[in-house]
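Enquirer: Okay, here's the prediction I keep looking at, along with the sequence it came from:
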Amino acid sequence: MLQFLLRRLTGAVVIMFLIGAFTFFLFYTIPQDFAELACGKNCSPQSIAVIRENLGLDKPITTQFWEFMGGILTGRDFATGHCPAPCLGVSFETSEFVWASIIDRFPLTLSLTVGGLVIFLVLGLGSGLLAAWKRGTWVDKLVSSTSMVLSSFQIYFLGPIVLGIFVYSTGWLENPKYVPFTENPAAWALGLLIPWAVMATIFTAQYTRMARSTMIEQLQEEHVRTARAKGMKQGYVFFRYAWRGSLTPIVTILGMDLSGLLAGAVVTEFTFDLAGIGRLAVNSSLSKDLPLTMGVMLFGAFFILILNIIVDLAYAYIDPRVRLA
Amino acid sequence: MRRRNRRYECTHSTVTADVRRIAGHPTPVNGHIMTSPIEAEVTEASVALDKETATKNDAADGTNHTGRSPGQLMWSRFKRDRVGMISAGVVIFFFAIAALAPVISKLYGKDPYTLYPDEFPELLDDFSMPVGTFGGVSGDFWFGIEPELGRDVFTMLLYGMRTSLYMALVITFLAVMTGVIIGMVGGYFGGKADYWIGRTTDFFLAFPNQLFFIAFMPVVTALFVSPTDETPTYLRAVSIILVMWFLGWMGMARLVRSSVLSLREREFVEAAKVSGASRWRIVRKEILPNIVTPILVQGTYTLPSSILTIAFLSYVGVGFVEPTPDWGRMFAIGAKVYEQNPAFMFFPGVAMVIFVLAFNLLGDSVRDAFDPKTGR
């Protein structure tokens, strides 16, 4: 297991480096003049020169790249001051360190993704199992058709509807807001209740369908039938035999969905006017604040890689063949 | 959603006395025997030319052929699937009204750009909200009026869908073609080429794609336009297509690679090789017809997801901007005024739910029709 983890981690470091290199070269070579782009409209030649100087744009591109990469590991010195260890550069707009602004916004996105993930996995797999268990009955039909319809909804459509019902008309809940978990866990959960519910609804619906169909497939497998024929209890066969087998494809798809989950968090932030990584990405992209955009992008990739490793560990736990391969 | 490697059975010809006429062995798939006698050419044609041709083939079938192609089998199964037929109808309806948007708006007498309150100030109240029930729905404005600017919602939606559907078609086509070519090269040539293609695919899969789209929109736009100029709409469209194409082909490439890999060693391919067929011919005539099914099924999932991604980009504000009518941006406008005027979001929202639902059901039906053993 440790070896498996180490191998995965090395792979992740390599991928991170490649993504970093790829984004860096795309970002710094495509725009005709990076400094001009950074400066935006109505820019004087003097300020362009200052930007060029500050960012070290007069140096060759490979030197810039190694300085950038080195900065992530050891920190960097700019004309404006020292940028401590995971240094992703300095924002054009706010002149803050990119890493600091990301870390400032990240807890919200983390709460949204992880909270949403836990909710939709529990609900989605639960209802999918229920539908497979009661296959063909009205329970199954209700669950299947509801999830089919709900999975066609979008966060930006469902969100306002839910807000309209629970906040604007009835006033049962307050407008969603973010309170750090460390400050007040109850307020944290209450404030994110609606975003979680909306985000989880859409993902839940997809996972219900998936869990149902893989479970039904598993129940038709020969080893499951044999277990039943031996006289094992229905519940035991269901959970110990079929359920375990059906987890593997679900976890595989979960691993592929992780970037979709992050995207879901981005839309959720926009729908409920919360300030997380997604808003940071969009704002920086619109204002052409390239160091910040690139920082968010790299950070997002890093976050997904970490989640992926966790999913892989779960995978290795569920399916012993993975550990040996 | 489902990407599984299914093996698709090959095919043997019943009519043509050609070199191609090589019998594929019925082999066990998941413990079942699945044989379908078909003629490779017919499959290709029925896939390329869609359902109408499949019917014609069906009709022709009675007189000329004894076997039926997978395309015909699929069509006859699909015809019996009522949900599938209805959702196909809905999808075609959406595409039809999107294509006919200029005609419809001409007949209807409005367009998505005119600010109607300039002419008729009585349309909006003192708070710039539409006067009348449900966002100003009336005989003149079927879906109501946009708050603040007072544009016509019906034509906005029509043109918005048109933009999204056209873009999604282009992106799906490009992504599918790229994926098929890359997957085919990897799967068929194997060895070093396959290894490096596989690593590259994995690498691009590791990108957080939506964040990538957001981040790269300005960079790609800067390729065409100097940062001091305004970006014309068609260049925005090109940028969106490029960015989404760039990260859209990997799923298809993987799928095609694994299908080709399993086909490459089969007897009918060997036989074609022995009888002196060129590589290009083998790929085109022996392998491609057999992987059309998974490609089509995957394609039916790619199209709606491209539409949703375009909508997502416009919703967060990096896609199309005013005044181009866009489906996704209607949600951004609707969310702003939702508290005062929930009606505005109703029509684009319901249209999108119906469209996505129909496409999902259609995708499932197509998959079932091609491969009835999916066990739903």
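Expert: Nice, I can see it. Keep in mind that what you see is a predicted model, and the values were worked out from it rather than measured. Numbers count the residues shown, from 1 in each chain, chains lettered A, B, ... in the order given.
Enquirer: Output the below-cut-off pLDDT ranges for chain B.
Expert: Across chain B, the ranges flagged by pLDDT under 70 are B:1-66, B:123, B:127-128, B:136, B:139, B:226-229, B:372-376.
Enquirer: Which pLDDT value goes with the residue nearest in space to the middle of chain A?
Expert: Compute the mean C-alpha point of chain A, and by CA atoms, centre = their mean the closest residue is A:Leu262, 2.7 Å away. Per-residue pLDDT puts A:Leu262 at 86.
Enquirer: Excluding sequence neighbours, find me the nearest residue to it.
Expert: Leaving out its chain neighbours, the residue that sits closest to A:Leu262 by CB to CB, 6 or more residues apart in numbering or on different chains is B:Pro208, at 5.5 Å. Quick note: C-beta positions are derived from backbone N, CA and C, even for glycine.
Enquirer: so what's the one you found up against?
Expert: Contacts for B:Pro208 (CB atoms under 8 Å, 6 or more residues apart in numbering or on different chains) come out as A:259, A:262-263, A:297, A:300-301, A:303-304.
Enquirer: Let's verify A:Lys59: helix, strand, or coil?
Expert: The three-state assignment at A:Lys59 reads coil, by DSSP: H, G, I helix; E, B strand; the rest coil.
Enquirer: That one: what's it in contact with?
Expert: A:Glu67 are the contacts of A:Lys59 under CB under 8 Å, 6+ apart.
Enquirer: State the phi and psi torsions of it.
Expert: phi -80, psi 160 (degrees, to the nearest 10).
Enquirer: swap in B:Val220?
Expert: Dihedral angles for B:Val220 - degrees, to the nearest 10 - are phi -70, psi -40.
Enquirer: Spell out the residue ranges of the strands in chain B.
Expert: B:28-29, B:32-33 (DSSP state E).
Enquirer: burial of the residue of the stretch 101-250 of chain B found nearest chain A, as a residue count?
Expert: At 3.5 Å from chain A, B:Gln210 is the closest residue in the stretch 101-250 of chain B, using CB to the nearest CB. Other residues lying near B:Gln210 total 24 when counted by other CB atoms under 10 Å in any protein chain shown.
Enquirer: And for A:Gly128?
Expert: A:Gly128 is surrounded by 27 other residues when neighbours are defined as other CB under 10 Å.
Enquirer: so where does it fall, helix or strand?
Expert: When elements are defined using DSSP states H and E, A:Gly128 is found to belong to helix A:98-133.
Enquirer: Just after that helix, pick out the following helix or strand.
Expert: That would be, after helix A:98-133 and using DSSP H and E, helix A:138-150.
Enquirer: I figured the residue nearest to the centre of chain A was touching A:Ala301, is that so?
Expert: No - counting by CB atoms under 8 Å, A:Leu262 stays clear of A:Ala301, with 9.7 Å between them.
Enquirer: list residues touching both of those two?
Expert: Each of B:208, B:211 lies in contact with both A:Leu262 and A:Ala301 under the rule CB under 8 Å, 6+ apart.
Enquirer: Now do the contacts for B:Arg329.
Expert: B:Arg329 touches B:160, B:314-315, B:319-322, counting by CB under 8 Å, 6+ apart.
Enquirer: just A:Ala205 next, same as before
Expert: Residues counted as contacts of A:Ala205 (CB under 8 Å, 6+ apart) are A:124, A:146-151, A:153.
Enquirer: what do you get if the cut-off is 10 Å, keeping everything else the same?
Expert: A:120, A:123-124, A:127, A:143, A:146-153 (CB atoms under 10 Å, 6 or more residues apart in numbering or on different chains).
Enquirer: hmm, which of these are the buried ones?
Expert: A:120, A:123-124, A:127, A:143, A:147-148, A:150-153 (16 or more other CB atoms under 10 Å in any protein chain shown).
Enquirer: that older thread, quick one, which of the contacts of B:Pro208 has the minimum pLDDT?
Expert: A:Ser259 (82).
Enquirer: what's the burial count for that residue?
Expert: Neighbours of A:Ser259 (other CB under 10 Å): 23.
Enquirer: Within reach of chain A, which of the contacts of B:Arg329 are there?
Expert: Among those, the residues within reach of chain A (CB under 10 Å from any CB of the partner chain) are B:315, B:321.
Enquirer: and the next element down the chain from the least confident helix or strand in chain A by mean pLDDT?
Expert: Lowest on mean pLDDT, DSSP states H and E among the helices and strands of chain A sits helix A:34-39, with a mean of 64. Following helix A:34-39 in sequence order, the next helix or strand is helix A:45-55 (DSSP H and E).
Enquirer: right, and the helix or strand after that next one?
Expert: helix A:61-74.
Enquirer: contacts for that next one?
Expert: A:16-17, A:20-21, A:24-25, A:28-29, A:34, A:55-59, A:76-78, A:83-89, A:99, A:291, A:294-295, A:298.
Enquirer: Each with direction, which strands does whatever helix or strand comes next after that helix pair with?
Expert: Once the chain leaves helix A:61-74, the next helix or strand it forms, by DSSP H and E, is strand A:76-78. Partners of strand A:76-78 in the sheet, by DSSP bridges, are strand A:81-83 (antiparallel).
Enquirer: Thank you, goodbye.
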